[in-house]
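Asker: just coords:
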């Protein structure tokens, strides 16, 4: 891979700004000053910027706390979208959300350019756990209703009846609950609650494949790179 491309993929800057850094003599490869932005390097090479080792990799992984009223898309001509929160230095890295959260659903969203990991995290084959914190109007959950959710119910609110996979539901208080799904049907949480006469007022995903964020929405809009341990945990969950 070209040195300038590898540095740009690492989030150091745009391809043009990276070339300027190389020309200034600030980049070394295996201890030697690099002058040619087109020189071929490997991810195993030791690459440093002004003496600081650069963690460089082709695949990038981020955790995003999606706010309300944000579309799960990288681009949209009309509405605020996830792509608006991606730093400029990472444009063009083919990043994309893993799955989707509804426009009014907040919380944990993985963003990556690792296509295989993204595919597996969304595949029902791997039974990835997704936990949601739900605030609702309507009658409190009964033990009998929660048992039905645990067994799976048949939803008849759309064109074709559909059976949900078993889910885990627990009541936090009279109007708050947490539900863990292992599949991803359209608007599934809202439809399950509506099936039992409860209207979802606020929906927040707080866990995905073992990764967790705070129930409090005060950090919505924040984006950070996943740690190596978190990446390995996600890969382990889908047997990569």
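Answerer: Nice, I can see it. Fair warning: this is a prediction, and the values are worked out from it, not measured in the lab.
Asker: for the protein, which spans come out with low pLDDT?
Answerer: 9-11, 43, 55-57 (pLDDT under 70).
Asker: can you give me the helices for it?
Answerer: 3-9, 15-23, 115-122, 143-151, 188-195, 228-237 (DSSP state H).
Asker: minimum distance to residue 203: which of these has it?
Answerer: Closest of the helices of the chain to residue 203 is helix 188-195, at 5.9 Å (criterion: C-beta to C-beta). Any C-beta I mention is one placed from the backbone N, CA and C, and that applies to glycine too.
Asker: specify the angle between the closest one and helix 143-151 in degrees.
Answerer: 140 degrees (axes from the mean of the first three to the mean of the last three C-alpha atoms, to 10 degrees).
Asker: on that earlier part again, which stretch among the helices of the chain is buried most, on average?
Answerer: Among those, helix 3-9 has the highest mean neighbour count (mean count of other C-beta atoms under 10 Å), at a mean of 22.
Asker: could you chop this protein up by domain?
Answerer: Residue ranges for the domains of the chain, per automatic domain parsing: 3-53, 61-124+212-237, 129-208.
Asker: so which residues make contact with the longest strand belonging to the chain?
Answerer: The residue-count maximum for a strand in the chain (DSSP state E) belongs to strand 199-208. Contact with strand 199-208 is made by 101-102, 104-110, 121, 128-138, 178, 180, 189-190, 193-194, 212-215, 217, as judged by C-beta atoms under 8 Å, 6 or more residues apart in numbering.
Asker: among those residues, which are in strands?
Answerer: Judged by DSSP E, strands contain the following of the contacts of strand 199-208: 105-110, 130-137, 178, 180, 212.
Asker: buried ones from those, can you make that a PyMOL selection?
Answerer: Selecting the buried subset of these in PyMOL, with 16 or more other C-beta atoms under 10 Å as the burial test, is done by:
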select buried, resi 105+106+107+108+109+110+130+131+132+133+134+136+178
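Asker: re the thing from before, select, out of the helices of the chain, the one closest to residue 97.
Answerer: Residue 97 lies closest to helix 115-122 among the helices of the chain, at 8.5 Å (C-beta to C-beta).
Asker: ok, the closest residue to residue 71 other than its chain neighbours to residue 180 distance?
Answerer: In space, and not counting its chain neighbours, residue 71 is closest to residue 81: 4.2 Å by C-beta to C-beta, 6 or more residues apart in numbering. Distance of residue 81 to residue 180, computed by C-beta to C-beta, to the nearest Å: 27 Å.
Asker: what's the answer for residue 54, then?
Answerer: Taking C-beta to C-beta, one finds residue 54 at 38 Å from residue 180.
Asker: can you put the helices of the chain in TSV and add distance to residue 75?
Answerer: Formatted as TSV, the helices of the chain follow (distance: least, C-beta to C-beta, whole Å):
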stretch	distance to residue 75
helix 3-9	20
helix 15-23	20
helix 115-122	17
helix 143-151	36
helix 188-195	26
helix 228-237	25
